[in-house]
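Peer 1: how would this look folded up:
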Amino acid sequence: SNVTYAMNAGWNDNCWDYAYRNVMVESLKITNKCKDDMETYAHFEAINTICRVIAMSRLADQYGCIIYSHYGESATGGAYKKFFEELKEAADVLRTAKEKDVASFMMFDYAYGGNLNKWAQLCNTIRLRLAMRIVKYDAAWAKSEAEAAMNDSNGLIETNDANFGIAGNGYVNPLYGIAFNYGDGVLGANIPSILSGMGDARLDKYATQNSKSEYFGIRLGIKGLEEEGFSDAYKAIVSRPNLTETSPAILATAAETILLEAEAALRGWDVNGKGTAQSLYEKGIRTSFEQWGAAVGDYLSSTTTAAAYVDPVIPAASIEGQSKVTAKWDESLSNEEKFAKIATQRWIAIYPEGMNGWAEIRRTGYPKLFPVMVNYSQGEIDTDLGPRRLPFTINEKGNNPTGYAKAVEMLGGPDNGGTRIFWGVDKPNF
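Peer 2: Predicted structure coming up:
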């Protein structure tokens, strides 16, 4: 299975075969309807565009190449360029719409209740996120897009009341469904290792305690677990995500935004007077604690690192903590060491949004995670690095051989989990 890097097509194909098709088909239907009366519905088409870019950027970050502007054809490539173009256009439309009396869609907006100001902030936040994603691929391009987002008059998500989360009207949080309805979603070992080791009060908000009033997450790829299965011994001690059925599915937060700005400041970019790398770093942490209702206490002066993983079921799986990053800022450190702090805190703040967290790990290399004990990829995936992408789907190979061949060519490597996607460049962060 995926936890031992033997990539499971039955799971990995679903994002492409289901989410890709349904998002694009429905989104393009909305676009065509809006175009019939853009005087009335331009703002709604802008919001439709933002939602489509969020969904398709996640897909591109999983597989590496997608068909976007020519969806339904065999052509592929250039999606990120189009994402930025569309987000800029959407921001311009919403800037104008905010000053007018436009048709409301409050009754079916599960995120913002029709608040155009917040949609405009989300638009810039996603633009900033994607700009940072490409920084090692093309720093000048990334800087241009990031500075445009941070200096846009619409603003960004910088307060928790503007966090982008979907809830209400019977919507069930999908992670809750996986964890409690299917019984498959349990805490990974890296969360309690990093958070408990650093004395992070957010752990209590992120995870449930087990019967021993402890937080325990299972290390992935444990040798022996694949034979024993998900044993009763683990079931009795494992923690789960601290979610309810009605918890909002949060896809973008103020904490993430501010920590992206901290990275921009560290790189010397124009952050529109928002602060220094240190001030934004500390503000981002405080904002995350506030989001989760956790007390920050003396966390910002903490100098402890990740705790060891101790496995009472399979003792051979026990291992020392991997992340050596501390919470306390130190101006004397190198840019790479400061960056490690920012990236680690952003990964923590993104929880439990796994797709975004995985992308950040692949881009930044932080935080350092436990390696799998068992790697069944037959040399395709590096044990320490982990999967870089998902292979293209069986259906795409069979139904679109021309597009598939072009996509693999653009990857610059074999179609497997070890090939880096275009922004995951193998070079230093600084």
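
Peer 1: for T246, helix, strand, or coil?
Peer 2: Under DSSP: H, G, I helix; E, B strand; the rest coil, T246 falls in the coil class.

Peer 1: For it, give its distance to K223.
Peer 2: T246 sits at a distance of 39 Å from K223 (criterion: Cβ to Cβ, to the nearest Å). Yep, even glycine has a C-beta here, placed from its N, CA and C like the rest.

Peer 1: ditto for G297
Peer 2: 38 Å.

Peer 1: can you check R389 too?
Peer 2: Distance of R389 to K223, given as Cβ to Cβ: 25 Å.

Peer 1: One more: D161?
Peer 2: Counting by Cβ to Cβ - D161 and K223 are separated by 46 Å.

Peer 1: So which of those two has more stuff around it?
Peer 2: For D161 versus K223, the count of surrounding residues by other Cβ atoms under 10 Å is larger for K223: 13 against 8.

Peer 1: Please tell me I have it right and that one contacts A317.
Peer 2: Yes. K223 lies in contact with A317 (Cβ atoms under 8 Å); the separation is 7.2 Å.

Peer 1: who touches both of these two?
Peer 2: Here K223 and A317 have M373 as joint contacts, going by Cβ atoms under 8 Å, 6 or more residues apart in numbering.

Peer 1: who's in contact with the spatially most central residue of the chain?
Peer 2: Centroid check for the chain by Cα atoms, centre = their mean gives N356 as the closest residue, at 0.9 Å. Listed by Cβ under 8 Å, 6+ apart, the contact set of N356 reads R58, R129, L251, E256, I350.

Peer 1: quick one: it and T253, what's the gap?
Peer 2: As judged by Cβ to Cβ, N356 and T253 stand 10 Å apart.

Peer 1: what touches both of these two?
Peer 2: Counting by Cβ under 8 Å, 6+ apart, the residues touching both N356 and T253 are I350.

Peer 1: For R133, which non-adjacent residue is closest in space?
Peer 2: W423 (5.2 Å; Cβ to Cβ, 6 or more residues apart in numbering).

Peer 1: Can you say which helix or strand has that neighbour in it?
Peer 2: If you go by DSSP states H and E, W423 is not part of any helix or strand.

Peer 1: okay, now it: neighbour count?
Peer 2: 21.

Peer 1: Kindly report the same for N335.
Peer 2: If you count neighbours by other Cβ under 10 Å, N335 ends up with 14.

Peer 1: What pLDDT is listed against it?
Peer 2: pLDDT for N335: 98.

Peer 1: Let the chain start at 8 from now.
Peer 2: From this message on, residue numbering opens at 8, which makes the last subject N342.

Peer 1: wait, isn't it in contact with G275?
Peer 2: No. N342 lies out of contact with G275 (Cβ under 8 Å); the separation is 9.6 Å.

Peer 1: Contacts only, for I198.
Peer 2: I198 makes contact with L210, Y213, A214, Y222, G224, Y358, according to Cβ under 8 Å, 6+ apart.

Peer 1: if we go to 10 Å?
Peer 2: With contact set as Cβ atoms under 10 Å, 6 or more residues apart in numbering, I198 has these partners: D207, R209, L210, Y213, A214, Y222, G224, S246, P248, I355, Y358, P359.

Peer 1: State the three-state secondary structure for it.
Peer 2: Once three-state DSSP is applied, I198 turns out helix.

Peer 1: How confident is the prediction for it, by pLDDT?
Peer 2: Looking at I198, its pLDDT reads 97.

Peer 1: got the residue ranges for the helices in the stretch 308-437 of the chain?
Peer 2: Ranges of helices in the stretch 308-437 of the chain, per DSSP state H, counting those that start in this stretch, are 342-357, 361-371, 401-406, 408-418.

Peer 1: Determine which of these approaches G195 most closely.
Peer 2: Taking Cβ to Cβ, helix 361-371 is the member of the helices of the stretch 308-437 of the chain nearest to G195, at 9.5 Å.

Peer 1: Mind listing what's buried along the closest one?
Peer 2: Burial within helix 361-371, assessed by neighbour count using 16 or more other Cβ atoms under 10 Å, is assigned to N363, G364, W365, A366, E367, I368, R369, R370, T371.

Peer 1: swap in stretch 142-159?
Peer 2: V142, K143, Y144, A149, K150, E152, A153, E154, A155, A156, M157, D159.
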